[in-house]
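Trainee: Need the 3D shape of this:
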Amino acid sequence: MQAFAYVRYSTARQSTGDSYERQQSPLARFEDEYGVKIKETFVDSGVSSFRGDNIKKGQFRNLLDKIDNEEIVANDFIVIESIDRVSRQELNKTATQLYAILEKGIKIYTTNDEKLYSLEDKNRDLENYLMIGLIAKRANEESETKSKRRKSAWKKVHKEAREQGKAFANSRVHYGYELVDGEYRIVEEEAEEIRKLFELLIHQGVYSSILEINKTAKRKWTASSVYKMILSKAVIGYLRRQEIVNGKRVFREYIEGFYPQIVDEFTFKRAEQAINRRKSNKETGRNTEAYINIFRHCANCAQCGAKMIYSKKTKQNGKYRYDYLFCADGKEKGTGCKNTLNYEYLLSHFVSKMFQAIAFKEEDVPSIAPVVKELSKLLSNKKQIEQNKRQRVIENELSKEQMNEANLQRMIDNFDEIPPNYVLKKLSESEKKIEALKSELLLIEETTGIDMGSFADFGQMIMTKAGRAEINRFLIANNIRFSFESEKVDSLEREYPDDPTFREMYRKSVGKKTTKTEITFNTIIDGQMFTDKFYKEDADLNYFVECDISILEKN
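Mentor: Below is the predicted model:
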């Protein structure tokens, strides 16, 4: 003779309360009265018996399996608090399940009324059946009533949140807000911190942003808290509604205008897109503390095609410092590629091309270099005409989808209870599509230009960390790529390949070698490559103060 106990509590809150203790304590009294020790206790934590989840897949299912496998046999005991601990399903389902146990000769003991159910006494067979049926019926009706009340309350709260922005009794107060007399208000000190964080996220990675914001932050930010803030969308006014379905928390909708906005939607979207872009970007290379490398994630080795990475090196005496881009595969994978270039020369050449693109107009200088023409188009937003067509298409799609979402929302509001899953799924899909279309519109706006009206504006941008990050974002967003290489060449042979006599005479008259370092600077815009070649020895690094790395690192 053995005894097996079954304990169930349906919510996590009950698990921290007295539900478990209430069901465990009487087991000792059972052992004293019947002289049988509880061999094993089956516990279903946070499982509802209203839907029969515990019978389908919970610990009670394991107990039934033991009965089927004859590990629990006739004259053994199943000890429970009450019939409703086993099931709150419809009468016929509950009674059938319990009678199937009793018919195997197994006894069921309920501790709340200290009643033993058994088929040993045939005279009490009808009494047992009626008692089980009555208790099961009452339990099912109680659960049905509670369910209807929850659904009614859910709909009421949902409507109040949507129409009045009313706070929930158990709603969490997000950082940056306080709840005063049932209304959310912005805590300006915390809000200013959040705004600064979003500006950082636009230009640099999450961990770099956290490192910087935590120097002055009121709270300690983590990557997790940043991602949760973005997921909730509270800072742009949304309430993220969730519902418990089959014991799991499921996203339902975003309710607009629930909180006062801390961050404008445009800034939020830019930061969100920047994070997503970095997640999907598998390219190597990290941000330097001062964001010196404006070619980050858009420069390749012209010799082997690998990525190029920025690095700096200072001699031990501290007098000489070198900033350079090197071939990642050659340096880190040992492929043999030794392509390395001094970064200042690349930066200087880029600055000179940007100066021409900003300062000169194509109609004024017909012979302007093709690469300068293309950069000028991007800087002056001449691509706007092309983008406008696509923008109008997306705006039309967005308008249609927003109408579809509104129709679905009206349909949901007309339900007396929680809407069917297929309707909620359609609403979720519609909301995701709207988000995607809004993101695409934002991307069009980002790729059409940069806020820069003169070379002085460009100079100011390149002299600050945020500005260099903005230039890098502009290059990446417009799919502008670069490839570089350098090699030692005989400059005379390059310039006079068909005149060996002149080359020989020149060398004798000058009396020195004519070997120089030739730098190849390729710019790829919309798949079209523009190639510039220049000698390192002929470049004037002092022409642009914007190319002085020692100054850039201080800003």
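
Trainee: which residues make contact with the helix or strand encompassing Glu190 from outside it?
Mentor: Counting by DSSP states H and E, the element that carries Glu190 is helix 188-203. For helix 188-203, contacts defined as CB atoms under 8 Å, 6 or more residues apart in numbering pick out 175-177, 208-209, 212-213, 216-219, 221, 226, 229, 235, 262-263, 267-268, 270-271, 274-275, 291, 465-466, 469-470, 473. Bear in mind the C-beta positions are built from the backbone N, C-alpha and C, glycine included.

Trainee: So for Tyr535, what's the nearest residue that isn't a sequence neighbour?
Mentor: Lys516 (4.4 Å; CB to CB, 6 or more residues apart in numbering).

Trainee: Was I right to think the one you found contacts Lys533?
Mentor: No - in this structure Lys516 lies outside contact range of Lys533 using CB atoms under 8 Å: 10.9 Å.

Trainee: More neighbours: which of those two?
Mentor: Set Lys516 next to Lys533 and count neighbours by other CB atoms under 10 Å: Lys516 wins out with 18 against 12.

Trainee: Could you pull out the buried residues of the helix holding Glu190?
Mentor: Glu190, Ala191, Glu193, Ile194, Arg195, Leu197, Phe198, Glu199, Leu200, Leu201, Ile202, His203 (16 or more other CB atoms under 10 Å).

Trainee: ditto for stretch 488-498
Mentor: In stretch 488-498, the ones that count as buried by 16+ other CB under 10 Å are Asp490, Ser491, Leu492.

Trainee: For Thr517, see how far away the first one is.
Mentor: Okay, so that is Asp490. From Asp490 over to Thr517 the distance is 12 Å, taken as CB to CB, to the nearest Å.

Trainee: same deal with the last one?
Mentor: Computed with CB to CB, the distance linking Leu492 and Thr517 is 15 Å.

Trainee: do the same with the second one
Mentor: Taking CB to CB as the criterion, Ser491 is separated from Thr517 by 10 Å.

Trainee: and for the two, which residues touch both?
Mentor: When contacts are counted by CB under 8 Å, 6+ apart, Ser491 and Thr517 have Tyr535 as shared neighbours.

Trainee: before we move on, the earlier item: any chance of a markdown table for the buried residues of helix 188-203, columns distance to Glu504?
Mentor: Listed next are those as a markdown table, based on distance: CB to CB, whole Å:
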| residue | distance to Glu504 |
| --- | --- |
| Glu190 | 76 |
| Ala191 | 74 |
| Glu193 | 71 |
| Ile194 | 71 |
| Arg195 | 68 |
| Leu197 | 66 |
| Phe198 | 65 |
| Glu199 | 62 |
| Leu200 | 60 |
| Leu201 | 61 |
| Ile202 | 59 |
| His203 | 55 |
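
Trainee: of all the residues you listed, which comes closest to Ile358?
Mentor: His203 (21.6 Å; CB to CB).

Trainee: would you list every one of the helices in the stretch 101-250 of the chain?
Mentor: 125-164, 188-203, 206-213, 223-232 (DSSP state H, counting those that start in this stretch).

Trainee: Buried residues in the shortest one, which are they?
Mentor: In terms of neighbour count (16+ other CB under 10 Å), helix 206-213 has its buried residues at Val206, Ser208, Ser209, Ile210, Glu212, Ile213.

Trainee: list the contacts for the last one?
Mentor: The contact partners of Ile213, by CB under 8 Å, 6+ apart, come to Glu193, Lys196, Leu197, Leu200, Trp221.

Trainee: next one: the first one
Mentor: Going by CB under 8 Å, 6+ apart, Val206 touches Ala223, Val226, Tyr227, Ile275.

Trainee: name the element Tyr6 belongs to?
Mentor: Using DSSP H and E, Tyr6 sits within strand 3-9.

Trainee: and that strand, what other elements does it pack with?
Mentor: Here strand 3-9 touches helix 19-24, helix 26-34, strand 38-45, helix 59-68, strand 77-80, helix 83-86, going by 3 or more CB pairs under 8 Å, 6 or more residues apart in numbering; DSSP states H and E.

Trainee: Within the sheet, what are the partner strands of the fifth one, with directions?
Mentor: Each strand that strand 77-80 pairs with, and the sense of that pairing, follows from DSSP bridges: strand 3-9 (parallel), strand 107-110 (parallel).

Trainee: thought Tyr254 was touching Leu239?
Mentor: Yes - judged on CB under 8 Å, Tyr254 makes contact with Leu239 at a distance of 6.9 Å.

Trainee: thinking again about what came up before, worst mean pLDDT among the helices of the stretch 101-250 of the chain?
Mentor: Comparing mean pLDDT across these, the lowest value falls on helix 125-164: a mean of 57.

Trainee: Quick check: next helix or strand after the strand or helix carrying Ile275?
Mentor: Per DSSP H and E, Ile275 falls inside helix 265-280. Following helix 265-280 in sequence order, the next helix or strand is strand 299-301 (DSSP H and E).

Trainee: could you point out which element follows that next one?
Mentor: Later in the chain than strand 299-301, the nearest helix or strand by DSSP H and E is strand 308-314.

Trainee: elements contacting that next one?
Mentor: Strand 308-314 packs on strand 299-301, strand 321-327, going by 3+ CB pairs under 8 Å, 6+ apart.

Trainee: Residues contacting the first one, please?
Mentor: The one in question is strand 299-301. 306-308, 325, 327-330, 337, 339, 481-485.
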